[in-house]
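Engineer: Need the 3D shape of this:
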Amino acid sequence: MSGGAAESLIAARRRDTTRRRQRVLDALHHLAAAGQGISVSAVARKAGVDRSFLYRHHDLRAQIHARSAAPAASPAASATASRQSLLADAANLREQNQRLRRQNTDLTARLSEVLGQEVFRTSGIGRTDDSEALRTRIGQLEQEVLDLRQELEERTDDLDAARAANRDLMTLANRNTAGQP
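Structural biologist: Numbering: from 1, shown residues only. You can find the predicted model right below:
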């Protein structure tokens, strides 16, 4: 890549970063003015940037934390906090409701299985050796699936960490390149 092309890419990257920084500052100002809750996630969502952008720019993150720690300036802000509290409670109740639904579904399936076994036992049909071997194999396969999902999650986490490290190294390389004549 020629020197002019590299400089052009660096300049474009800087302009993009500057635009995103301004969107973050505008979002922070808007959230504070509206009396809404200020958090890294809320500012990132409002500004349309990734949270990782805010974590890479420590000065922006420090401003967000400073604004979120500042006391509410008006009575409307305290009403907003109680509204946010209600929204958080509603979200927690929805999650609890989903957990109870899953538990109910699991218990219904288990009850159906136990009743089916009871019907087989009382009817004299009983369970054959083949079906027991198949149930054992199903249990083994289900465990393998769980193990593979866990391994996939771990590898995904490793990949995410490697990507973050790569972004940081590229940022550092771009800074070093930008600083050289």
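Engineer: rest of the way, CA atoms for contacts and neighbours
Structural biologist: Will do.
Engineer: Select the helix or strand of this structure having the lowest average pLDDT value.
Structural biologist: Counting by mean pLDDT, DSSP states H and E, the weakest-scoring helix or strand in the chain turns out to be helix 75-123, with a mean of 83.
Engineer: helices or strands up against that one?
Structural biologist: Under the contact definition 3 or more Cα pairs under 8 Å, 6 or more residues apart in numbering; DSSP states H and E, helix 75-123 sits against no other helix or strand.
Engineer: The closest residue to residue 31 other than its chain neighbours: what secondary structure?
Structural biologist: Nearest non-adjacent residue to residue 31, counting by Cα to Cα, 6 or more residues apart in numbering: residue 38, 6.5 Å away. Three-state call for residue 38 (DSSP: H, G, I helix; E, B strand; the rest coil): coil.
Engineer: can you count the residues close to residue 38?
Structural biologist: The burial metric for residue 38, expressed as a neighbour count using other Cα atoms under 10 Å, is 21.
Engineer: contacting residues for it?
Structural biologist: If you count contacts by Cα atoms under 8 Å, 6 or more residues apart in numbering, residue 38 has them with 28, 31, 32, 64, 67, 68.
Engineer: my read: the third one touches residue 66, true?
Structural biologist: No - contact status for residue 32 versus residue 66: not in contact, 11.2 Å apart, counting by Cα atoms under 8 Å.
Engineer: So between the two, which is more surrounded?
Structural biologist: residue 32 (19 against 11).
Engineer: So the more buried one versus residue 56, what's the distance?
Structural biologist: Computed as Cα to Cα, to the nearest Å, the residue 32 to residue 56 distance reads 22 Å.
Engineer: returning to that earlier point: check what pLDDT the residue nearest to residue 31 gets.
Structural biologist: On the pLDDT scale, residue 38 is placed at 87.
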